[in-house]
Every structure is written in C-alpha cells, then in structure tokens.
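J.: Pasting the sequence and the predicted model now:
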Amino acid sequence: MTEQLIHAGLLALHNIALVGCAAAPFYNRALVVKRGQYGPKLHYELDKVVEDTLQGNAPYCIAFIITLFATGIALPVNHYAFSGALRPMHAVALVALAVKLVFVFGMAGIMGVIFGRLNPRLRVLWAGFSPGAKPGESEEETFFALRARRKALCEVCLKFAVVVLVASAFLSFQA
C-alpha cells in the first residue's frame, strides 16, 4: 500500500508538471498571436506586458521540466525500492517511453535556447527602449526578429508537449 501511495503522489506531480509544460507554450502562443495583430512596430506598453509575461514564465517552465524529470526518475525507483526489480513493460509502453524521453529532452533543449540565449538578448534590447521614444530601426528589427525566433521555438515546444502527453497515455500498457 505504501508503494501505491508514493506512486500515486509521484504520478500526480508528474502529470501536473506535464500539463504545465504543455500549458505554458499554449497560453504564450495565444498572447503572441494576439500581439501579432499590431505588426512588427514597437508599442511600448503592450510589448512590456508581453515581455514581462513571457519572460516571467521562465521560472515556471524550468520548475515544470525539473519536476517532470525528477518524478519520471522517481516512479521506477519507487517500484524498484519496494519490489527489488523494475516493472516489466509491454513493447508499446517501451516505445512510448522512448518517444516521451526524446521529446522531453527536445523541450528542455528548446527551453535552454529560449531562456539561455534569446530572452537575455531580448532583455538587453528591451532595456534600450522607453515609453514615448521612437526606437532605433535596427534595434526594433533585431528585437522583432528575435521574438519571431522565440515564437517559432515555442510552436515546436507546444507540438513536442502534445507528443509527450499522447505518449504518456501508452505507458500503462502491461507486459
């Protein structure tokens, strides 16, 4: 019974993290699409809300992916601790696990690019903008080019998250 309680708690945390990993790019995408209606010209107040929101989500995304990894490792370790062996898995479940892992690592890589390279460059550019002042043309073009790159990567991350969610459904196949 203890193993099952621990398993249920870990699985609940794992599922919350998985949904969080999918929800962040989904809602960020909705915000970016809405912002796109105003074109690639800086609207300081609007763009401040967008940047604050998107960059403010970074700690949540990182926490979700860390939780996903930690609980994903803890689930089989929990079973091993109580039974002395890993749970046998059906071939379908093994393929689903492999797919899930590849796409979770892909999501982590995308997050690394966004949070480690793109967001810092966007913050530096943003610091040069101010309300009521017309931005330099080159800075504005670079800013929106980086945003377009971030948007494209978030689109890929969202698709990866959907694959991870679907693959998770096949992990319950019994050997």
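T.: Sure, I can see it. Numbers count the residues shown, from 1 in each chain.

J.: What residues of the lengthiest helix in the chain count as buried?
T.: Longest helix in the chain, counting residues (DSSP state H): helix 2-36. Across helix 2-36, burial judged by 16 or more other CB atoms under 10 Å covers 6, 10, 13-14, 17-18, 20-25, 28, 32, 35. Just so you know, the C-beta spots here come from the backbone N, C-alpha and C atoms, and that holds for glycine as well.

J.: what helices or strands is it leaning on?
T.: Helices and strands touching helix 2-36, by 3 or more CB pairs under 8 Å, 6 or more residues apart in numbering; DSSP states H and E, are helix 44-56, helix 58-83, helix 137-169.

J.: can you tell me which of those comes nearest to residue 116?
T.: Closest to residue 116 of those, according to CB to CB: helix 58-83, at 10.0 Å.

J.: what about the closest residue in space to residue 130 that isn't next to it in sequence, distance to residue 134?
T.: Closest residue in space to residue 130, ignoring its immediate chain neighbours: residue 44 at 7.2 Å, by CB to CB, 6 or more residues apart in numbering. In this view, residue 44 and residue 134 are 10 Å apart by CB to CB, to the nearest Å.

J.: Have a look at these two and say which one is more surrounded.
T.: The neighbour comparison of residue 44 against residue 134 (other CB atoms under 10 Å) goes to residue 44, with 14 against 10.

J.: From the centroid of this structure, which residue is nearest?
T.: The centre of the chain sits closest to residue 21, judged by CA atoms, centre = their mean, with a distance of 4.2 Å.

J.: Point out where this structure drops to low pLDDT.
T.: Filtered on pLDDT under 70, the chain yields no residues whatsoever.

J.: Apply 90 and report the result again.
T.: For the chain, the stretches flagged by pLDDT under 90 are 18-29, 57-58, 61, 86-87, 132, 134, 172-175.
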